[in-house]
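Enquirer: Have a look; sequence and predicted model below, questions after that.
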2 protein chains.
Amino acid sequence: METPDNANETPALTGIAAQDWATASAEPQYRAAVVDLLGALAYGELAAFERLAEDAKLAPTLADKAELAKMASAEFHHFERLTDRLTAIEVEPTGAMEPFAKALDDFHRQTAPSDWLEGLVKAYVGDSIASDFYREVAARLDSDTRSLVLAVLDDTGHGNFAVEKVRAAIEADPRVGGRLALWARRLMGEALSQAQRVVADRDALSTMLVGGVADGFDLAEVGRMFSRITEAHTKRMAALGLAA
Amino acid sequence: METPDNANETPALTGIAAQDWATASAEPQYRAAVVDLLGALAYGELAAFERLAEDAKLAPTLADKAELAKMASAEFHHFERLTDRLTAIEVEPTGAMEPFAKALDDFHRQTAPSDWLEGLVKAYVGDSIASDFYREVAARLDSDTRSLVLAVLDDTGHGNFAVEKVRAAIEADPRVGGRLALWARRLMGEALSQAQRVVADRDALSTMLVGGVADGFDLAEVGRMFSRITEAHTKRMAALGLAA
């Protein structure tokens, strides 16, 4: 996982970010947004678990397989933390996850890797985009929810394994780079298209993502967030030797 | 996971079982047998992880999927403990696992569940047989290796989830019982056939399994161990409403 340039800046906490969950959740729209967020992240982790476990079958060696299984198992633990939190705030996790199942399942179905390297690039891209998104959203959360989101984020970063393997494969055969660059672009395209569908469907979540709990939903701000995540992705792909 | 009838008996520890790893491993054949055992168990856990994660896709509900993913993640942690132990005794885990990969892969390939209930029965049968086998073998191990094997065993027992679901399905439609009974029989048949292949191939492991580290390999004793495990399986299947 790459660290964005601004990782060490500590923005001043204002509004919701200066409140704890007990205070912030008194606002029904904020509460609904957090339930949506935790549900979406939880299903995302469960779906990632499934896909990584599936992709482990493509591993060329036993050690590689074990490494992907380890990433999958880490995703499962994130899933557990997120669903435990939902239960703690008296929300049934399944109900919170269900609105996001289709978008995530569609994403994974449309981006099933056809070989080991595609699987690695997907694991790396997915891990990185998830990290960027967690960071973006953390700033908009109450202190308790933010701690959880940052704790889950802290525990990712298995992506370096993927980076090493992909770099070595491109060095060995530069043509591999072209194919994987196309693949990474397709992954990002599908991710954005599913994310936009979710944003359109889930008002409370979208409003929170743009920095407010109330009216004044600003689609342009969602667009800017997607732009920042896409730019970070492009930089990472370039660093990996893939023209994004 | 069922507890065998003799679970509370504490047999007197003699021979290898009274020694620790440092002492016992001075005997090269015993050392080789433990490396084989840990390698076989580790690959077994990794393969179980993969299959449970795969079978999670058959789950009818999100909650069921999460439950199978949890079982898969538990298997992965067993895998980690076993490979950590191999590393601690200065054995490269991949090399220790490789001799057993084909038998376990073949088993799983030949017993891919065709639906959710078959997957549950397989998870339960696999968990139970693994527990029985761990228990059988623990008595023949030095104290350090035995602690590890029993610790891994202690941490299983997710089978109850499967038992409840299978019982409910048979109650709802008794014909399901006949089909699943055939399936359980096939699972046991494939497991025994692969186990016998491993026993035939790996002298040191087989010799340890029959209770000795030296000559006097007694195939009849391996047969008796398999019989005990099969009997326990038959009782469990009957308790589940499946004529084994």
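Expert: Perfect, thanks for sending it.
Enquirer: what about the closest residue to residue A:47 other than its chain neighbours, how many neighbours?
Expert: The shortest distance from residue A:47 to any non-neighbouring residue, by Cβ to Cβ, 6 or more residues apart in numbering or on different chains, is to residue A:104 (4.5 Å). Just so you know, the C-beta spots here come from the backbone N, C-alpha and C atoms, and that holds for glycine as well. Using other Cβ atoms under 10 Å in any protein chain shown, the number of residues around residue A:104 comes to 21.
Enquirer: Put the alpha carbons of the helix or strand encompassing residue A:104 into CSV.
Expert: Using DSSP states H and E, residue A:104 falls within helix A:93-110. Provided in CSV are the C-alpha atoms of helix A:93-110 (Å, rounded to 0.1, in the frame of the first residue of the first chain):
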residue,chain,number,x,y,z
PRO,A,93,-24.9,-6.7,9.7
THR,A,94,-26.6,-8.6,6.9
GLY,A,95,-29.2,-5.9,6.4
ALA,A,96,-26.6,-3.2,6.3
MET,A,97,-24.5,-5.1,3.8
GLU,A,98,-27.2,-6.2,1.4
PRO,A,99,-27.7,-2.9,-0.5
PHE,A,100,-24.1,-3.1,-1.6
ALA,A,101,-23.8,-6.8,-2.5
LYS,A,102,-24.9,-6.4,-6.1
ALA,A,103,-22.4,-3.6,-7.0
LEU,A,104,-19.5,-5.5,-5.4
ASP,A,105,-20.5,-8.9,-6.8
ASP,A,106,-20.8,-7.3,-10.3
PHE,A,107,-17.4,-5.7,-9.9
HIS,A,108,-15.8,-9.0,-9.1
ARG,A,109,-17.6,-10.9,-11.7
GLN,A,110,-16.6,-8.4,-14.4
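Enquirer: and residue A:114, what helix or strand is that in?
Expert: Using DSSP H and E, no helix or strand contains residue A:114.
Enquirer: How about the closest residue to chain B within chain A: what's its closest non-neighbour residue?
Expert: Residue nearest to chain B within chain A (Cβ to the nearest Cβ): residue A:53, separated by 3.1 Å. Among residues not flanking residue A:53 along the chain, residue B:53 sits closest, at 3.1 Å (Cβ to Cβ, 6+ apart).
Enquirer: so who does the one you found touch?
Expert: A:49, A:50, A:53, A:54, A:56, A:72, B:68, B:69, B:72 (Cβ atoms under 8 Å, 6 or more residues apart in numbering or on different chains).
Enquirer: thought the first one was touching residue B:68?
Expert: No. At 10.4 Å, residue A:49 and residue B:68 do not qualify as touching, with contact defined as Cβ atoms under 8 Å.
Enquirer: pretty sure residue A:58 contacts residue A:119?
Expert: Yes. Using Cβ under 8 Å, residue A:58 makes contact with residue A:119 at a distance of 5.2 Å.
Enquirer: which one of the two has more residues nearby?
Expert: The neighbour count for residue A:58 versus residue A:119, taken as other Cβ under 10 Å, is higher for residue A:119 (23 against 17).
Enquirer: and the more buried one, what pLDDT?
Expert: Model confidence at residue A:119, given as pLDDT, is 92.
Enquirer: Same check on the one 3 residues further on?
Expert: The per-residue pLDDT reported for residue A:122 equals 91.
Enquirer: Could you pull up phi and psi at the spatially closest residue to it that is not a sequence neighbour?
Expert: Spatial nearest neighbour of residue A:122, chain neighbours left out: residue A:113 (5.4 Å); criterion: Cβ to Cβ, 6+ apart. Dihedral angles of residue A:113 (phi, psi; degrees, to the nearest 10) stand at phi -70, psi 140.
Enquirer: Common neighbours of residue A:58 and residue A:119, please.
Expert: residue A:113.
Enquirer: In the helix or strand harbouring the residue nearest to residue A:53, which residues are buried?
Expert: Here residue B:53, judged by DSSP H and E, is contained in helix B:28-55. Residues B:30-55 are the ones in helix B:28-55 that count as buried (16 or more other Cβ atoms under 10 Å in any protein chain shown).
Enquirer: Around chain B, which positions in chain A sit nearby?
Expert: With Cβ under 8 Å from any Cβ of the partner chain as the criterion, chain A meets chain B at residues A:43, A:46, A:49-50, A:53-54, A:56-57, A:61-63, A:65-66, A:69-70, A:72-73, A:76-77, A:79-80, A:83, A:93-94, A:97-98, A:101.
Enquirer: So which elements touch the helix or strand of chain A with the lowest mean pLDDT?
Expert: Sorting the helices and strands of chain A by mean pLDDT, DSSP states H and E puts helix A:203-209 at the bottom, at a mean of 76. Packing partners of helix A:203-209 (3 or more Cβ pairs under 8 Å, 6 or more residues apart in numbering or on different chains; DSSP states H and E): helix A:28-55, helix A:175-201, helix A:219-239.
Enquirer: packing partners for the next helix-or-strand element following the helix holding residue A:104?
Expert: Following helix A:93-110 in sequence order, the next helix or strand is helix A:116-138 (DSSP H and E). Contacts defined by 3+ Cβ pairs under 8 Å, 6+ apart place helix A:116-138 against helix A:28-55, helix A:62-88, helix A:143-154, helix A:159-172, helix A:175-201, helix A:219-239.
Enquirer: Quick one: mean pLDDT over the first one.
Expert: Computed over helix A:28-55, the mean pLDDT rounds to 91.
Enquirer: tilt between it and helix B:28-55?
Expert: 130 degrees (axes from the mean of the first three to the mean of the last three Cα atoms, to 10 degrees).
Enquirer: Just give me how far helix A:28-55 sits from the chain centre.
Expert: Helix A:28-55 has its C-alpha centroid displaced from the chain centroid by 9 Å (Cα atoms, centre = their mean, to the nearest Å).
Enquirer: if we can go back for a sec, where among the helices and strands packed on helix A:116-138 is average confidence lowest?
Expert: When I compare the helices and strands packed on helix A:116-138, helix A:219-239 is least confident, with a mean of 82.
Enquirer: Could I get the buried residue list for that one?
Expert: Quick answer for helix A:219-239 (16+ other Cβ under 10 Å): A:222, A:225, A:226, A:229, A:230, A:232, A:233, A:234, A:236, A:237.
Enquirer: re earlier: give me every residue that touches the residue nearest to residue A:47.
Expert: A:43, A:44, A:47, A:194.
Enquirer: Also residue A:117?
Expert: Applying Cβ under 8 Å, 6+ apart, the residues near residue A:117 are A:165, A:166, A:169, A:176, A:180.
Enquirer: Tell me, how many residues neighbour the residue nearest to the first one when sequence neighbours are not counted?
Expert: Translated: residue A:165. Closest residue in space to residue A:165, ignoring its immediate chain neighbours: residue A:120 at 5.4 Å, by Cβ to Cβ, 6+ apart. Neighbourhood size, residue A:120 [other Cβ under 10 Å]: 26.
Enquirer: Against residue A:163, how distant is residue A:120?
Expert: 9 Å (Cβ to Cβ, to the nearest Å).
Enquirer: likewise residue A:177?
Expert: 13 Å.
Enquirer: Could you do residue A:145 as well?
Expert: For residue A:145, the distance to residue A:163 (Cβ to Cβ) stands at 30 Å.
Enquirer: Tell me both backbone torsions, phi and psi, for residue A:173.
Expert: phi -150, psi 100.
Enquirer: In contact with it, which residues?
Expert: So residue A:173 contacts nothing (Cβ under 8 Å, 6+ apart).
Enquirer: how about 10 Å then?
Expert: residue A:179 (Cβ atoms under 10 Å, 6 or more residues apart in numbering or on different chains).
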